[in-house]
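J.: need a 3D model of the following:
(chains A and B, ligands or ions: 3)
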Amino acid sequence: MSQDQVDYESLKSGGFMRQRQHNQFAFRLRIVGGYVEADQLRALAKAAEEFGDGHIHLTTRQGIEIPFIHLDDVESVREDMAEAGLRKGTCGPRIRGIIACQGNTVCPRGLVNPQDLARKIDEKYFAAGVPHKFKISIAGCSASCAKPQENDFGIMGGVEPKWLKEECTGCGLCQEICRMDAIIVEDGVVTFDREKCDLCGDCISSCPTDAWVINKTGYTLLIGGKVGRFPQLAVKFVELVDESQLFEILDKTIQFFKENATKSERIGDTVNRIGLETFRKAVL
Amino acid sequence: MNKDMAPSRSIDTCGEVCPMNMVRTKFELKDMLPGEILEVALEAGEPVRNVSRSVKEDGNRIIKLEKLGTHYRMLIQKGE
Ligand code: SF4
Ligand code: SF4
Ligand code: SF4
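T.: Ligands and ions are numbered 1, 2, ... in the order given. As a prediction, this is how the structure comes out:
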């Protein structure tokens, strides 16, 4: 096939990205939450040796790419990967691969299961067409290791604590461990400032007498983060939503983006232009 | 302090790097009998956070926390 006949756009949406080297492509995989099984790693290693130049590239968003695939081998690589249960990734103006930390499946601080949620979001929205790239990241708690603030749509697990007076000994530990200065312990009485609390759950997991308990578990959502040439952090727009509310809000957010974005605008810019309050009203 | 509250062991983790303060506390408690009390000196902030969380996860109990200037004195009772 001559270079003129190559449909780069279709190759690109299929996860093949043209390299600067003539007729060479990097094959991007659809990785969800950085989860890759050992057998899949073996298949990747084999493909990199057989069709690439013997190495793989780890992207900044938990992705994997096999560079230096010749145009003639594109189909074979796709088939071999599919056999290992690895699907092709995406690029361009689409919903990109979902980032997630391990949350409560591994991390002692995790409040929710970001891996499970990432798989559900991936199944429903992966590679859906939108006005500009749209990145989603899920962190198991407000420590934000998965950097939801850098993504167009950020998700964080959270728990709202509740203080039980009768269990409290007034030891003062919760005041010391709360990073947000949301707790004051004075003469055995605890004062809780809900406005300052970022729902991290540290008081609950540390109180020696279980005087802090979970009142509600849910997700904190952030909108409009991006890096690139004009970086900005995503801002929090709602707290403690449950999973079905989250999917409803995500649906409406994508709808809002499609209806309001000017050409080639990230959702952060759309929200900056139209206003956060208008966005909130449209999606909540 | 009541006689039952007297610590049978004592460690100073000030100056240790996280998570070594938590690891040392864990090892010390491992060799103790249920009901026995460990006294731990630790720095404010992250060390108090990490140690108190892991003590609770392991089924032990913080029975006292005292602020002494820039550091804390924690009394931990080994669980059943
Ligand atoms: S964001 Fe929270 S749950 Fe996720 S890895 Fe960091 S500390 Fe653990
Ligand atoms: S850590 Fe628990 S027992 Fe101690 S002051 Fe806070 S709520 Fe009360
Ligand atoms: S949940 Fe976290 S931020 Fe909120 S009061 Fe407890 S320790 Fe402080």
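J.: where does residue B:72 sit: helix, strand or coil?
T.: Three-state call for residue B:72 (DSSP: H, G, I helix; E, B strand; the rest coil): strand.
J.: show me the contacts for it.
T.: Residue B:72 makes contact with A:176, B:41, B:42, B:43, B:44, B:48, B:65, B:66 under the criterion C-beta atoms under 8 Å, 6 or more residues apart in numbering or on different chains. Placement of C-beta: from N, CA and C, glycine included.
J.: all strands for the chain, in order.
T.: Chain wasn't specified; assuming chain A. When assigned using DSSP state E, the strands of chain A occupy the ranges A:16-18, A:24-28, A:57-58, A:64-70, A:99-100, A:136-139, A:153-163, A:183-186, A:189-192, A:212-223, A:235-241.
J.: meant chain B, my bad for not saying
T.: With DSSP E as the definition, chain B shows strands at residue ranges B:9-12, B:37-43, B:61-68, B:71-77.
J.: and those as a markdown table, adding distance to residue A:154 and mean pLDDT?
T.: Compiled in a markdown table, those are given as follows (distance: least, C-beta to C-beta, whole Å; pLDDT from 0 to 100):
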| stretch | distance to residue A:154 | mean pLDDT |
| --- | --- | --- |
| strand B:9-12 | 41 | 96 |
| strand B:37-43 | 32 | 95 |
| strand B:61-68 | 34 | 91 |
| strand B:71-77 | 34 | 94 |
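J.: re earlier: tell me which of the strands of chain A sits nearest to chain B.
T.: Comparison of the strands of chain A against chain B by C-beta to the nearest C-beta identifies strand A:183-186 as nearest, at 10.2 Å.
J.: who touches that closest one?
T.: When contacts are taken as C-beta under 8 Å, 6+ apart, the neighbours of strand A:183-186 outside the stretch itself are A:170, A:171, A:172, A:174, A:175, A:190, A:191, A:192, A:193, A:203.
J.: sheet-wise, list the partners of it with their directions.
T.: Here strand A:183-186 has these sheet partners by DSSP bridges: strand A:189-192 (antiparallel).
J.: does any part of the strand it pairs with sit near ligand 2?
T.: Yes - part of strand A:189-192 sits close enough to ligand 2 to count as contact by C-beta under 6 Å from any ligand atom, namely residue A:190.
J.: how close does the closest residue to ligand 3 within chain B sit to residue A:77?
T.: Distances from chain B to ligand 3, computed as C-beta to the nearest ligand atom, single out residue B:49 as the nearest residue at 9.0 Å. Using C-beta to C-beta, to the nearest Å, one obtains 47 Å as the distance from residue B:49 to residue A:77.
J.: and the biggest helix by length in chain A, what does it pack onto?
T.: The residue-count maximum for a helix in chain A (DSSP state H) belongs to helix A:243-260. In terms of contacts (3 or more C-beta pairs under 8 Å, 6 or more residues apart in numbering or on different chains; DSSP states H and E), helix A:243-260 is packed against helix A:114-125, strand A:153-163, strand A:212-223, helix A:267-274, helix A:276-283.
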